[in-house]
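Enquirer: A structural model of the following input is requested.
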Amino acid sequence: MKKTIRTLDALAKKNIIRDEDISNLMPVIEDLSLAITSDMENLIDKNDFEDPIKKQFIPSVEELQIHESEIRDPIGDDKYSPTKGIVHRYPDRCLFMPVSICPVYCRFCFRREKVSRASEKLDDKDFENAYEYIANHPEIWEVILTGGDPLVLKPKVLKKIMDRLSNIPHVDIIRIHTRVPVVSSQLIDNEMISALQSSKTVYIILHANHPNEFTEDAKNAIATIINAGIPMLSQSVLLKNINDNIETLSTLMRLFIKNRIKPYYLHHADLVKGTSHFRTSIANGQKLMKELRGRFSGLCQPTYVLDIPEGYGKIPIGPNYIQHGESHYCVEDYCGNTHTYPSQ
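Expert: Presented below is the predicted three-dimensional model:
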């Protein structure tokens, strides 16, 4: 079994951080635990301070800089949590978080106040309350398994969850958000695939942010899932100095498509405490989306979204190509040229 690095001492022994950095980083990992799998650790260029894998998973003293705009619960999970493990923000779908741990801890995580915390673990009663809530709300058409990362669960545990959800008549779709296929690809085996099978429609949403994450092992894990008849979509976070340039972003989107994953969401980084060094401006994100549109296949286009703070939901924030005039519309093509179009 491949090992996961969980201590600063282990990072220093691997020459990923310096021995003298350990004391400065201790307060950082008190807020969000350290975890990086060997799959990701092996990708780090230790001579490159700006290595995109290192920046995503290795703690930085920059996380101690808290801006006044940053908040503990940036997308308002708590406000819409009727029972432990459930977030019901939108009418026809809910989040179900059966696990609060991940194989890696992204340093920009919007749930950093919850993941890796023992207090978030569900007991048997919590599970039953969650199933009861879903069963008692017939408007819930889709259940989204998230967390934590649901695919760190043992297959027999995951199978039990899938079976319980499949037995709720009004639940038609089970969606699973995960990083496992890229960060801990060995977990995608025949037993896991069997656990994911359901009488309901299952989608897997893969979180990946940089082309370097697409190792051969990751590609094989993805193919195993898709060849089993489970469709995949993607979600990525726009991250400063990691993927906020058109070369990296377009390569990432093409890799999704090449590996039969439809780009779904490109998230603007949330107002998470201690993450300002990861956030770009919305204007920069819109500029990138303009560059992506037209120059790259329509298959490669994600929806650029902002999760409005305090739980008001996601909105698309891509560039606007149309303005309404007195008697016509003014439309802009992907090259920046403007044209008129009749209003009726």
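Enquirer: distance between the ends of stretch 27-39?
Expert: When the termini of stretch 27-39 are compared using Cα to Cα, to the nearest Å, they are 26 Å apart.
Enquirer: how far off centre is it?
Expert: Taking the mean of its C-alpha atoms, stretch 27-39 sits 17 Å from the chain's own mean (Cα atoms, centre = their mean, to the nearest Å).
Enquirer: what of stretch 15-25?
Expert: On Cα atoms, centre = their mean, the centre of stretch 15-25 falls 28 Å from that of its chain.
Enquirer: so what touches that stretch?
Expert: By Cβ atoms under 8 Å, 6 or more residues apart in numbering, the residues outside stretch 15-25 that reach it are 8-9, 11-12, 41, 44, 46, 54, 58-61. In this view, the C-beta of every residue, glycine as well, is placed from N, C-alpha and C.
Enquirer: now do it, average pLDDT.
Expert: On average, the pLDDT along stretch 15-25 is 97.
Enquirer: stretch 152-164 too?
Expert: Mean predicted confidence for stretch 152-164 is 98.
Enquirer: pLDDT-wise, what's the bottom of the contacts of stretch 15-25?
Expert: Lowest pLDDT of the contacts of stretch 15-25: Lys46, 93.
Enquirer: just give the closest residue to it, not the sequence neighbours.
Expert: Among residues not flanking Lys46 along the chain, Asn15 sits closest, at 5.3 Å (Cβ to Cβ, 6 or more residues apart in numbering).
Enquirer: pull the most distant pair out of the contacts of stretch 15-25.
Expert: Farthest apart among the contacts of stretch 15-25 by Cβ to Cβ are Glu41 and Val61. That separation is 20.2 Å.
Enquirer: and these two? Which one has more around it.
Expert: Taking neighbours as other Cβ atoms under 10 Å, Glu41 and Val61 compare with Glu41 leading, 22 against 12.
Enquirer: which parts of the stretch 1-150 of the chain are strands?
Expert: In the stretch 1-150 of the chain, the strands defined using DSSP state E, counting those that start in this stretch lie at 4-5, 36-37, 86-90, 93-96, 142-145.
Enquirer: deepest-packed of those strands, please.
Expert: Highest mean neighbour count of these: strand 36-37, a mean of 25 (counted as mean count of other Cβ atoms under 10 Å).
Enquirer: just to revisit the earlier point, dump the strands of the stretch 1-150 of the chain to JSON lines, plus distance to Lys314.
Expert: As requested, those are exported to JSON lines (distance: least, Cβ to Cβ, whole Å):
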{"stretch": "strand 4-5", "distance to Lys314": "31"}
{"stretch": "strand 36-37", "distance to Lys314": "28"}
{"stretch": "strand 86-90", "distance to Lys314": "9"}
{"stretch": "strand 93-96", "distance to Lys314": "12"}
{"stretch": "strand 142-145", "distance to Lys314": "13"}
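Enquirer: helices of this structure, start to end?
Expert: 8-13, 22-31, 38-41, 52-57, 124-135, 155-166, 180-183, 190-196, 216-227, 246-258, 282-292 (DSSP state H).
Enquirer: now the ones you listed in a markdown table, with distance to Arg111?
Expert: Listed next are the helices of the chain as a markdown table, based on distance: least, Cβ to Cβ, whole Å:
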| stretch | distance to Arg111 |
| --- | --- |
| helix 8-13 | 22 |
| helix 22-31 | 12 |
| helix 38-41 | 19 |
| helix 52-57 | 15 |
| helix 124-135 | 17 |
| helix 155-166 | 19 |
| helix 180-183 | 16 |
| helix 190-196 | 23 |
| helix 216-227 | 23 |
| helix 246-258 | 23 |
| helix 282-292 | 21 |
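Enquirer: for Arg107, find the nearest of these.
Expert: Here helix 52-57 is closest among these (Cβ to Cβ), at 6.5 Å.
Enquirer: got the buried residues for the closest one?
Expert: Going by neighbour count (16 or more other Cβ atoms under 10 Å), the buried part of helix 52-57 is 52-57.
Enquirer: what does stretch 262-282 give?
Expert: 262-280.
Enquirer: and for stretch 197-215?
Expert: Applying 16+ other Cβ under 10 Å to stretch 197-215 flags 198, 202-215 as buried.
Enquirer: same question, stretch 235-247
Expert: So stretch 235-247, judged by 16+ other Cβ under 10 Å, has buried residues 235-240, 242-244, 246.
Enquirer: chain center to it, what's the gap?
Expert: Taking the mean of its C-alpha atoms, stretch 235-247 sits 13 Å from the chain's own mean (Cα atoms, centre = their mean).
Enquirer: in CSV, could you pull the C-alpha coordinates for it?
Expert: Extracted in CSV, the C-alpha atoms of stretch 235-247 (Å, rounded to 0.1, in the frame of the first residue of the first chain):
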residue,chain,number,x,y,z
GLN,A,235,-14.5,20.5,-11.5
SER,A,236,-11.5,22.7,-11.1
VAL,A,237,-10.6,25.7,-9.0
LEU,A,238,-9.0,28.7,-10.7
LEU,A,239,-5.8,29.1,-8.7
LYS,A,240,-3.2,31.9,-8.9
ASN,A,241,0.1,30.9,-10.3
ILE,A,242,-1.1,27.3,-10.7
ASN,A,243,-3.6,27.3,-13.6
ASP,A,244,-4.5,30.9,-14.2
ASN,A,245,-2.9,31.1,-17.7
ILE,A,246,-4.4,30.0,-20.9
GLU,A,247,-1.7,27.5,-21.7
